[in-house]
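Below: sequence and its predicted model.
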Amino acid sequence: MAENITFPRSSKDEIDELPYFLRMCHKIRLRAVGELHQDYHKNLGKVLDLYTCQLLKIEYASLVEAIVTQGLDDQGALDWAYENGVKPESPQKDWWCSFARNLGFRDHLSERLADRKKTAGLAHRNDICSFFDFMDAEEGR
């Protein structure tokens, strides 16, 4: 990816033991102020954004509206999600967290991850085993 990009925070950052939610909120805020790089736009509300919203039983567009119009911080956005959807508990939350953290590792998206690594010049990186790993590596973490 090009330099001079404000990267969203890591997918591995957690709030209430939930990975990815903070990254999704950060992308929403970056886009709202015109600082989210165009490369990220095509997947807004899709893939991990969608999976996270499905876990919480909320609509992505509603979360965007709440964050942007109410100026919610991360904890406020999570509280909003729990109030307007559900607060997942074990074992569903544990299963989902494992799924999200390992997405791309020996699953239906393994080939896609390999293609993304190759395109990004990271095919030699055997330590990149999941999309969380890939996003961090591609963004210089």
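Thanks, I have it. These numbers come from a predicted model, not from an experiment.

Could you list the domains of this protein?
Following automatic domain parsing, the chain resolves into domains at 1-102, 109-141.

Dump those domains to JSON lines, plus mean neighbour count.
C-beta coordinates here come from the backbone N, C-alpha and C atoms, glycine included. Formatted as JSON lines, the domains of the chain follow (neighbours: other C-beta atoms under 10 Å):
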{"stretch": "domain 1-102", "mean neighbour count": "15"}
{"stretch": "domain 109-141", "mean neighbour count": "15"}
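
May I see those arranged in JSON lines, with mean pLDDT as well?
As requested, the domains of the chain are arranged in JSON lines below (pLDDT from 0 to 100):
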{"stretch": "domain 1-102", "mean pLDDT": "96"}
{"stretch": "domain 109-141", "mean pLDDT": "97"}
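
The protein: helices as residue ranges?
Assigned by DSSP state H, the helices in the chain fall at 21-32, 48-56, 60-70, 74-84, 92-102, 110-119, 131-138.

Distance to Tyr40 for these - can I get that in CSV?
Formatted as CSV, those follow (distance: least, C-beta to C-beta, whole Å):
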stretch, distance to Tyr40
helix 21-32, 6
helix 48-56, 10
helix 60-70, 14
helix 74-84, 18
helix 92-102, 18
helix 110-119, 14
helix 131-138, 10
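
among those helices, which is nearest Lys12?
helix 131-138 (5.5 Å; C-beta to C-beta).

Tell me which residues are up against that closest one.
The contact list for helix 131-138 (C-beta atoms under 8 Å, 6 or more residues apart in numbering) reads 1, 10-12, 19-20, 23, 48, 100-101, 103-104, 109, 113, 116-117, 120, 122, 125, 127-128.
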